[in-house]
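>>> Got a predicted model here, sequence first, then my questions.
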Amino acid sequence: MNYFIESISQMLGRAPAKPLQDELKVEVREIYEEKRKHKLTKEELHALEEAHARTRHRHKWRNRRWATLIIVNLLFVVSYYFDVQLVEGALTASRVVGFHMADLNSALQVMLAYKHVVLNLLIGTVTVFLLWVLVGGRTFCSWVCPYHFVAEFAEKLHVKLADKKWIKPVTFHRGVRTVFYVIFALLAVVTGYTVFETISPTGILSRALIYGPGLALAWVAVLLLFEIFVSKRAWCRYVCPIGLTYGLVGSISPVRVKYNVVNCHHEGDCRKVCEVPHVLDTTIRMRARDVNVPIGADCTRCGLCVDICPTDSLNFEFVGSKKLG
Amino acid sequence: MSTDKPKKPPLSPVRREQNRREFIRSGVLVGGTLIAALAGFVPIAGGGTHRLRPPGALKDVQLGERDFLSACIKCGQCVQVCPVEAIHLADLADGYGLGVPYIDARAQACDFSCDGLQCVLACPTGALTHSLNYPSQTRMGFARVARPDTCLAVQGKGFKGQARGADYRGKLRFDEVDRWNPIPVADHPYDLELCDLCVRQCPIEIRIAQCADGKPPSGDQNQCPPRHAIRLQPVGDGKAMLPVIEDGCVGCGVCEMICPVEETVIVIDLDKTADTLSA
């Protein structure tokens, strides 16, 4: 239960709590103590990372994820183009071989604004809810959302520019996403319009892919420029209510990333590649309360940390079964 | 989490200043994003989003299209099932109407060639209301003879050739050509002594004629429209005739689409339907 509360409150914007020394389990304290005695030199660490960078599996999860994301989005496009009726609609709502699916956040916006729920929408919403409980909540973000995909490239550019000191990265309080969530929900109820849908790059991009590009792509371009020149991954981190909706679903999902403290060198490469680094707070020295720590619900299960970890300390798990992959 | 923790030391002035700035920045982010989001209301208030919508689109005397715009989940399943590709999704200029389906009747009207109102069946949210079963129950708008002076029939003229020219891409279903597949209007030239295209191609009138022949669409008697939608009425002596819209008109827009005159003689009024005529 503690994992649940901690993980949700972190997702809503609370900073991860630093555990006190006596909150750590004895085994963990021993592990940290052992590590303190046998510190690796900078050269040793560097060699370790170099060796890992050369391994065949360095981009395993990213490649799997991108392939999935591209295939899912192409299925919509191809299905419509060749009129095979495999996947009809767009990411906001669709019919997959006849079965209704409705994006949870789009469905929520419609329900709040329209204030009626027809059976088909309910069926679609429940189906998608169960599906994403099964595969990990925010998995939607990194494995399906087309905006996430383009934002990853914007992020690469942003990091490059920031490294060269050409731009000064700006951050915001993470809790602002919760504020947005409440505001968008209230706006839908009060105005009777699905206000968020108008600015949702997920819906805009999905429709642009399927039905052809439009002026709305200019809005997506504005968001990407903001992320390149001002604030890294700003939309996903600070605004998008879709992420929060799926994050809540993911809090009860058995698919998650698990951290094992034993071999970790606490170098923090995982936190650098992470869209939501607060979930990896536990990988900082003296922050893990247990030998194995499940990563919180805000994690998009993108697997970048799993890929980059040179010591295999981060892995996907399906709770109640062995590690995945 | 727990309350038995020792009290946190007070924040340093630097840290406090950082927090204050972060708070202000975050406020600006919220403000900026909300301005963008609320800008979607401008086109709605300006009335620029008033368009011909697919059959069954929610409409209310007081609320106008608000329920339609909010109930629509912007997925385009209606677009995908339409056999004549009449339905498009609105762009950013429509504000909260972004991603919502509309029909440009002059370019391609809904001719009900799917018979079963496929768009209504495809709609997952009821934005195209499922209480609609047959074309004659549709209330998209109401036709109006806007420019009677230029009407060929009013001038007693016939029409020969392709109704909208050789380059026109629009399609209609011609039962006598192909019961199942709509064909380009350009592939179906006419040779009429008196132009009656708006009446001849009216989907309601076509159904009434089929039913009179004892051949209702899909053999379903319910497909038979109860009332006429359009007819030609003699004006003066000679052979001049004037199209007159009747209360069976559903506002599908085929008359507007097929009218060979530039600009079209007949248009669809959006704020009127057969049901609101008497009101």
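Good, I have the coordinates. Residues are numbered from 1 along each chain as shown, chains lettered A, B, ... in the order given.
>>> Could you check how many residues crowd around B:Ile245?
When neighbours are counted by other C-beta atoms under 10 Å in any protein chain shown, B:Ile245 registers 23. Where you see a C-beta, it was placed from the backbone N, CA and C, and this is true even at glycine.
>>> per-residue confidence for the nearest residue to it once chain neighbours are set aside?
Spatial nearest neighbour of B:Ile245, chain neighbours left out: B:Ala143 (4.7 Å); criterion: C-beta to C-beta, 6 or more residues apart in numbering or on different chains. Looking at B:Ala143, its pLDDT is 96.
>>> what about B:Ala143, distance to B:Gln233?
Distance, B:Ala143 to B:Gln233, by C-beta to C-beta, to the nearest Å: 14 Å.
>>> Who has more neighbours out of these two?
B:Ala143 (27 against 10).
>>> residue contacts, the residue of the stretch 101-250 of chain B found nearest chain A?
Using C-beta to the nearest C-beta, the closest approach of the stretch 101-250 of chain B to chain A is made by B:Gly126 at 3.9 Å. Contact partners of B:Gly126, counting by C-beta atoms under 8 Å, 6 or more residues apart in numbering or on different chains, are A:116, A:118, A:120-121, B:58, B:71.
>>> switch the cut-off to 10 Å
The neighbours of B:Gly126, taking C-beta atoms under 10 Å, 6 or more residues apart in numbering or on different chains as the test, are A:110, A:114, A:116-121, B:56, B:58, B:67, B:71-72, B:120.
>>> Can you tell me the closest non-neighbouring residue to the residue nearest in space to the middle of chain B?
Centroid-nearest residue in chain B, with C-alpha atoms, centre = their mean: B:Arg53, separated by 2.6 Å. Leaving aside its chain neighbours, B:Arg53 sits nearest to B:Tyr102 (5.8 Å; criterion: C-beta to C-beta, 6+ apart).
>>> can the lowest-mean-pLDDT helix or strand in chain B be found next to chain A?
Least confident helix or strand, chain B: helix B:41-45 with a mean of 91, by mean pLDDT, DSSP states H and E. Yes. Using C-beta under 10 Å from any C-beta of the partner chain, helix B:41-45 reaches chain A at B:41, B:44.
>>> Pull out the buried positions in the next helix-or-strand element following that helix.
Next in sequence after helix B:41-45, counting helices and strands by DSSP states H and E, comes helix B:66-71. Across helix B:66-71, burial judged by 16 or more other C-beta atoms under 10 Å in any protein chain shown covers B:66-71.
>>> what's helix B:66-71 packed up against?
Packing partners of helix B:66-71 (3 or more C-beta pairs under 10 Å, 6 or more residues apart in numbering or on different chains; DSSP states H and E): helix A:104-114, helix A:176-191, helix A:195-199.
>>> Now tabulate these in TSV and tack on distance to chain B and mean neighbour count.
Listed next are the helices and strands packed on helix B:66-71 as TSV, based on distance: least, C-beta to the nearest C-beta, whole Å; neighbours: other C-beta atoms under 10 Å in any protein chain shown:
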stretch	distance to chain B	mean neighbour count
helix A:104-114	4	25
helix A:176-191	4	18
helix A:195-199	4	27
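>>> Can I get these in CSV including mean pLDDT?
Converted to CSV, the helices and strands packed on helix B:66-71 look like this (pLDDT from 0 to 100):
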stretch, mean pLDDT
helix A:104-114, 96
helix A:176-191, 96
helix A:195-199, 95
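>>> Show me what the host helix or strand of A:Trp66 is packed against.
For A:Trp66, the host element (DSSP H and E) is helix A:60-81. Helix A:60-81 sits against strand A:87-90, strand A:93-96, helix A:139-143, helix A:146-163, helix A:201-211, helix A:304-308, helix B:77-81, with contacts defined as 3+ C-beta pairs under 10 Å, 6+ apart.
>>> Please give the centre-to-centre distance between that helix and its chain.
Distance of helix A:60-81 from the chain centroid (C-alpha atoms, centre = their mean, to the nearest Å) equals 17 Å.
>>> contacting residues for the closest residue to B:Asn181 other than its chain neighbours?
The shortest distance from B:Asn181 to any non-neighbouring residue, by C-beta to C-beta, 6+ apart, is to B:Arg173 (7.3 Å). With contacts defined as C-beta under 10 Å, 6+ apart, B:Arg173 is in contact with B:83-84, B:111-115, B:179-183, B:201, B:203, B:206.
>>> and if you look at A:Arg177?
A:Arg177 makes contact with A:11-13, A:235-241, A:243-244, A:247, A:298, B:26 under the criterion C-beta under 10 Å, 6+ apart.
>>> Next step: these restricted to helices.
Using DSSP state H, the subset of the contacts of A:Arg177 located in helices is A:11-12, A:241, A:243-244, A:247, B:26.
>>> which of these lies closest to A:Pro19?
Of all the ones in helices among the contacts of A:Arg177, A:Pro19 sits closest to A:Met11, with 18.6 Å by C-beta to C-beta.
>>> Surely the closest one is in contact with A:Ile295?
No. Here A:Met11 does not reach A:Ile295: they are 11.5 Å apart, not a contact under C-beta atoms under 10 Å.
>>> Quick check: neighbours shared by those two?
A:276, A:279.
>>> B:Val244 belongs to a strand?
Yes. Applying DSSP: H, G, I helix; E, B strand; the rest coil, one finds B:Val244 inside a strand.
>>> tally of neighbours for it?
By other C-beta under 10 Å, 13 other residues sit near B:Val244.
>>> what residues are up against it?
Here B:Val244 is in contact with B:143, B:145, B:199, B:228, B:230-233 (C-beta under 10 Å, 6+ apart).
>>> what's the closest non-adjacent residue to A:Val97?
In space, and not counting its chain neighbours, A:Val97 is closest to A:Leu86: 6.2 Å by C-beta to C-beta, 6+ apart.
>>> Make sure that neighbour is actually in contact with A:Arg95.
Yes. Counting by C-beta under 10 Å, A:Leu86 does reach A:Arg95; the two are 9.4 Å apart.
>>> Quickly list what's touching both of these two.
Residues touching both A:Leu86 and A:Arg95 (C-beta under 10 Å, 6+ apart): A:Ser79.
>>> between those two, which one's more packed in?
Comparing A:Leu86 with A:Arg95 by neighbour count (other C-beta under 10 Å), the higher total belongs to A:Arg95, at 23 against 15.
>>> Report the contact partners of the more buried one.
Contacts of A:Arg95 by C-beta under 10 Å, 6+ apart are A:79, A:85-89, A:101-102, A:120, A:124, B:75, B:77, B:80-81, B:122, B:124.
>>> follow-up on the earlier one: kindly reformat the helices and strands packed on helix B:66-71 as TSV containing distance to B:Ala166.
Listed next are these as TSV, based on distance: least, C-beta to C-beta, whole Å:
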stretch	distance to B:Ala166
helix A:104-114	42
helix A:176-191	47
helix A:195-199	40
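>>> pretty sure B:Phe112 contacts B:Arg207?
Yes. At 8.1 Å, B:Phe112 counts as touching B:Arg207 under the criterion of C-beta under 10 Å.
>>> These two: which has the busier surroundings?
In this view B:Phe112 and B:Arg207 are compared by other C-beta under 10 Å, and B:Phe112 has more residues nearby, 26 against 22.
>>> Could you tell me which residues make contact with the more buried one?
Applying C-beta under 10 Å, 6+ apart to B:Phe112 gives the contacts B:55, B:83-84, B:118, B:134-136, B:138, B:173, B:203-204, B:206-207, B:217, B:223, B:250, B:252, B:254.
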